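> predicted model and sequence follow; I will ask about them next.
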Amino acid sequence: MTREGEVGAAPDDPGLVSGQFRFFDAQVVRTRRLGPTLTRITFGGPPLAGLASGGRDQSFSLFLPHPGQEAPLLPDRTGEGWYRAWQALPEDERAVLRSYTIRAQRRNPDEVDVDFALHGTGPDDPPGTAGPASRWAAGAAPGDRVVLLGPAFADNRSVGFRPPADTDWVLLAADETALPALGGILDHLPADTVVRAWIEVPHPQDIQALPSHPDFRITWLVRRSGDGGSPLAEALRTADLPGGTPYAWLAGEAGTVRALRRHLVREVGVDRARVEFSGYWRRGTSEEQLRAEALAAATA
């Protein structure tokens, strides 16, 4: 049974996937452009009453329809074999699968906000550079149907930000793909937490309002047009960091995140166990390729 006051399923619910997650039908309620690169899509619907986000960097899987489909095409959702059954469907018909972060969740009515990076959808972007999720998000409208595979319990393993009790201060570094997760983390932290955050975005207009407290110091870094690198590494290398025991959370492009982690562990001397890092994407690689690599590694 669930804890008192917690929304969620019973542990023996046959609809659970991997013991903690379940599928939720939802639809677009509204959209709001946040900047040239980012748009916020609000999903709603009665099934979301059972979605129990843990906040912070809570991730989930989102299934989207292909153009011309009224809803995402998914196989039987019961049991643990749904993923291989989804893989067996024709690639140009099966639901598009992507991973996202819940930026915010509300009750009465049950809604979740999800921020999308619209890479490749601008008027000056070359044709064909946008992925299927970016194209879908750019044209999303109220009533569009989706499916979420998300947590049925707030305390779930898809929340990565978990600073130890002896943490003196928090270091956050992210690009635009991890900005929603970083925002969720700041929402979660007590106002007296010492935070040093660096956020990389493609355009100055992508800078957005985030929680602000006396010890929250947020540095925005605007990536130069045409620059394939990231300004995050140089910003951290020259940063004046607080003393005491830190906890670091790094997310964004995989190569950049690995470089930041190496710097913190090898040059700054941060205990590697106190660095949570996640590659949300890899330059030149699609999410389908990343998922295939992960599956191959898991079954090797």
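Yes, it's here.

> ok, the residue of the chain positioned farthest from its centre to G269 distance?
Within the chain, the residue lying farthest from the chain centre (C-alpha atoms, centre = their mean) is G243, at 29.5 Å. G243 sits 12 Å away from G269, taking C-beta to C-beta, to the nearest Å as the criterion. C-beta coordinates here come from the backbone N, C-alpha and C atoms, glycine included.

> what about stretch 271-282, average pLDDT?
Average pLDDT, stretch 271-282: 95.

> now do the buried residues in it.
For stretch 271-282, the neighbour count (16 or more other C-beta atoms under 10 Å) marks R274, V275, E276, F277, S278, G279, Y280, W281, R282 as buried.

> contacting residues for A248?
V170, L171, L172, A173, R261, L264, V270, R274, V275, E276, F277 (C-beta atoms under 8 Å, 6 or more residues apart in numbering).

> now the nearest residue to the second one once chain neighbours are set aside: which helix or strand?
Leaving aside its sequence neighbours, L171 sits nearest to A248 (C-beta to C-beta, 6 or more residues apart in numbering; 4.2 Å). The secondary structure element spanning A248 is strand 246-253 (assigned by DSSP states H and E).

> just give me how far the helix or strand just after that strand sits from the chain centre.
Toward the C-terminal end, the helix or strand that comes next after strand 246-253 (DSSP H and E) is helix 254-262. Centroid separation between helix 254-262 and its chain, computed with C-alpha atoms, centre = their mean, to the nearest Å, is 17 Å.

> show me what helix 254-262 is packed against.
Secondary-structure packing of helix 254-262 (3 or more C-beta pairs under 8 Å, 6 or more residues apart in numbering; DSSP states H and E): helix 232-237, strand 246-253, strand 275-281.

> quick one: low-confidence ranges for the stretch 201-300 of the chain?
For the stretch 201-300 of the chain, the stretches flagged by pLDDT under 70 are 226-228, 283-300.

> ok, now which ones touch Q208?
Q208 makes contact with L34, G35, L38, L179, G183 under the criterion C-beta under 8 Å, 6+ apart.

> which among those count as buried?
Applying 16+ other C-beta under 10 Å to those flags L34, G35, L38, L179, G183 as buried.

> from L210, how far off is the second one?
In this view, G35 and L210 are 13 Å apart by C-beta to C-beta.

> buried residues in stretch 213-230?
Using 16+ other C-beta under 10 Å as the test for burial, stretch 213-230 gives F216, I218, L221, R223, S230.

> how about those residues in CSV, adding secondary structure and distance to G54?
Below are the buried residues of stretch 213-230 laid out as CSV (DSSP: H, G, I helix; E, B strand; the rest coil; distance: C-beta to C-beta, whole Å):
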residue, secondary structure, distance to G54
F216, strand, 21
I218, strand, 23
L221, strand, 28
R223, coil, 30
S230, coil, 28
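
> that older thread, contacting residues for the residue farthest from the centre of the chain?
Per C-beta under 8 Å, 6+ apart, neighbours of G243: D168.

> mind running it again at 10 Å?
Residues in contact with G243 (C-beta atoms under 10 Å, 6 or more residues apart in numbering) are D168, W169.

> average pLDDT across the longest strand seen in the chain?
When the chain is parsed with DSSP state E, its longest strand is strand 21-33. For strand 21-33, mean pLDDT rounds to 98.

> which other helices and strands does it contact?
In terms of contacts (3 or more C-beta pairs under 10 Å, 6 or more residues apart in numbering; DSSP states H and E), strand 21-33 is packed against strand 38-44, strand 59-64, strand 111-117, helix 132-139, strand 145-151.

> and of these, who's closest to A104?
strand 111-117 (4.4 Å; C-beta to C-beta).

> distance from the closest one to the middle of the chain?
Using C-alpha atoms, centre = their mean, the mean C-alpha position of strand 111-117 is found 9 Å from that of the whole chain.
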